[in-house]
Each structure stands twice: as C-alpha cells, then as structure tokens.
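Enquirer: Predicted coordinates and the sequence they were generated for:
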Amino acid sequence: MNSPAQRTVAVIMDPIEQITPYKDTSLAMMLEAQRRGWRVEYLLQSDMYMRDGTVSARRRRVELFDDNDRWFEVVDEVDDAFVGVDVVLMRTDPPVDDEYLYTTWMLDRVEDAGTLVANPPSALRAVNEKMFTAGFSHCMSPTLVTSGPQRIRDFLAEHGDIILKPLNLMGGASIFRLRTDDPNIGVVIETMTGHGTQSIMAQKFIPEITAGDKRILVIGGEPVPFALARIPSVGETRGNLAAGGRGVAQPLSDRDRWIVDQVAPTLVKRGLLFVGLDVIGDYLTEINVTSPTCVRELDSQCELNIAGTFFDLLDQKLGA
C-alpha cells in the first residue's frame, strides 16, 4: 500500500470529455484526489481486460481543472494490471446491463489482488437501485414490481395515480405517471413491460414531489447534513436534474434522518461507501449505488467539501 503522498486512484466512468464539469460528481472526486497529491487515472469499462485470471487496463493519467471549458488533460498512459493503484472508483452510469456486470466480475479480481474498490463490485451486483428499497418497505409508499399488465391496472385502480419506472435506468429516463382517466394506459403498460415480458416498478404517486425529490448522500453510513431537493420544472412530474429539475439545498429533516438510520446499517454491512438515497415527502424511493450525484450542487450552495469527506473515509480504509 502506498503512503498518502504517493497514492493512486483509478476512476472508471463514462467518457470524461462528455461530462458537464460544473455538476459532475466524478470530477469533484478526481479534483479532491489531485488536491491531496494523489495520482489520478481515468478509464472506461472497455479499457479493462482479463488475461489468464489477471485483470489489466489501459489507463490515462490526467491533470484536472475546475474549469467548464477545459477540465482535463491527459498527461501519460499505462497499460498494466493495476500496479500501484490503491483505489478504484466504479462510477459508470446505468444501465446495469451485461457489460456492466462483466466489469464488476473483473473488479472482483482487482479487489482480490488488494485494491480497494468503491463501491464494492459484489454490492453493485446485489443492490438494484430501485428494488433494494424492498428491504425497507416501512419507509416506502405502496410499491409493486411486476411484468403483469393486469396487476399494474389493478394497482392503478387501487391508488388512482401512479408512477411507472424501469428497473435499470437513471436520471428519470422512461418514467411515466398514469391516472385512471389517462387514454394511453394500455400502450404505456404494454411498452413499459414489453407486452408482459419485462418487470417494472409501480409506485403510488407522491404529491410532495412538487417540493422536490430529495437526494441524501450517505458516506460510510453517515449522511451529509444537507439534501438536494430536485424540484420539477413547470409541467413536469420528474425532479431529476437530468430531466430539467432545479436543485435546492435544504437541511435534513427529522424524517430524512430517520430514513437514513433505517438504511445505513445495511449499507455499511455491504461495504457501500458512497450512496445516494432518494426521498419524496416522507418516503424512500430509490437507493443509488452506481454513480450517485449532486455533490457539486450541495458543495456550492452549502460551502461543503463532500468529496473531501469521502476521501477522508478512503484514507481511513487505506490506513492513513
């Protein structure tokens, strides 16, 4: 294990040239690592490969800039078996498809070789960001997971106003609101379920979405004291920033902290170091483990350094 001044972090993420710097959490983490004197490497899932049981990757060493016009520069490149890498951050966005799973299996080998992987590959496989909430049903609004069109129709008749979500996407993608008087009930359900062949999630609509879909970041089991309420734009149901929502920071409520208390012990048990809980009103809706965001917005509005808190935890795990 390298000393703190010689540490290396390798960040697996989507193409760095395509990010939006001022709101990208992965960039915030990389900037923090650089501030600490760490070597920062960047790679894509497709840069990884396994030969005779050993996982290697083409990795670019990058210099980072907190600049919306120029935020990175490739300094050099290596292609080896993660030699000297202390931490791998798996930050690729969903979908959690076959290629994503293959990457986590390769990361098992990297982890077995002594490198800290965050979040752990076993947890990334085990924790579906929507279905994992089922372990905390006492924190949720009425929820159904099914591929059956008639079950969804019955759920809609019971509650009158529901949200339908795919189980493997993010950012508000392909989320529909259905009410009993909607003329498109049949086609929406058929499309979402692939005519009854694909499971989806249905949840009772929570009117408090107008006050924001709150993102609560949990680091090593401890919540950041402010949530980012993502408030839907006019005429929109979804609060996701990717869907045009507006982010407003607010202190955690007593109910928010209670929800964190219910979930955090399980997150810690699974080794999940950086997690985003989504809460609407009084209800937990999702547990985000793949690439939780909102660090930049909370940092700027609340004068925080959330990535600094995260790297303090990594240092602790590494024995700083």
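Expert: Sure, I can see it.
Enquirer: Was I right to think V74 contacts L64?
Expert: No. Counting by CB atoms under 8 Å, V74 sits too far from L64 to count as a contact (11.0 Å). Placement of C-beta: from N, CA and C, glycine included.
Enquirer: out of these two, which sits in the busier spot?
Expert: L64 (21 against 11; other CB atoms under 10 Å).
Enquirer: Correct me if wrong: the more buried one contacts Q34.
Expert: Yes. Counting by CB under 8 Å, L64 does reach Q34; the two are 5.2 Å apart.
Enquirer: Find the residues that touch each one of the two.
Expert: With contacts defined as CB atoms under 8 Å, 6 or more residues apart in numbering, the residues shared by L64 and Q34 are V40.
Enquirer: Can you pull the poorly scored residue ranges out of this protein?
Expert: 1, 3-5, 170-172, 234-243, 320 (pLDDT under 70).
Enquirer: Distance check, the closest residue to T266 other than its chain neighbours against Y283.
Expert: Leaving aside its chain neighbours, T266 sits nearest to G135 (6.6 Å; criterion: CB to CB, 6 or more residues apart in numbering). Look at G135 and Y283: by CB to CB, to the nearest Å, they are 15 Å apart.
Enquirer: which SS state does G271 fall under?
Expert: coil (DSSP: H, G, I helix; E, B strand; the rest coil).
Enquirer: er, W258 actually
Expert: helix.
Enquirer: I figured the residue nearest to T266 hits L267, correct?
Expert: No. Contact status for G135 versus L267: not in contact, 10.8 Å apart, counting by CB under 8 Å.
Enquirer: neighbour count winner among those two?
Expert: Higher neighbour count among G135 and L267: L267, with 24 against 14, using other CB under 10 Å.
Enquirer: nearest spatial neighbour of the more buried one, skipping sequence neighbours?
Expert: Closest residue to L267 apart from its sequence neighbours, by CB to CB, 6+ apart: V275 at 5.4 Å.
Enquirer: D282: how many residues sit nearby?
Expert: Neighbour tally, D282, other CB under 10 Å: 15.
Enquirer: Now do the contacts for it.
Expert: Residues counted as contacts of D282 (CB under 8 Å, 6+ apart) are 208, 255.
Enquirer: 7 Å instead, please
Expert: By CB atoms under 7 Å, 6 or more residues apart in numbering, the residues touching D282 are R255.
Enquirer: Could you pull up phi and psi at it?
Expert: phi -100, psi 10 (degrees, to the nearest 10).
Enquirer: ok so the residue nearest to L267 is a strand residue?
Expert: Yes. According to three-state DSSP, V275 belongs to a strand.
Enquirer: Go ahead and confirm it touches V268.
Expert: No. At 9.9 Å, V275 and V268 do not qualify as touching, with contact defined as CB atoms under 7 Å.
Enquirer: These two: which is more packed in?
Expert: Legend: neighbour count by other CB under 10 Å for V275 and V268, higher for V275 (27 against 15).
Enquirer: how far is the host helix or strand of T266 from where the chain is centred?
Expert: If you go by DSSP states H and E, T266 is part of helix 254-269. Computed by CA atoms, centre = their mean, to the nearest Å, the chain-centroid distance of helix 254-269 equals 17 Å.
Enquirer: who's in contact with it?
Expert: Helix 254-269 has contacts (CB under 7 Å, 6+ apart) with 135-136, 139, 214, 216, 218, 221, 223, 227, 275, 277, 279, 282, 284, 287.
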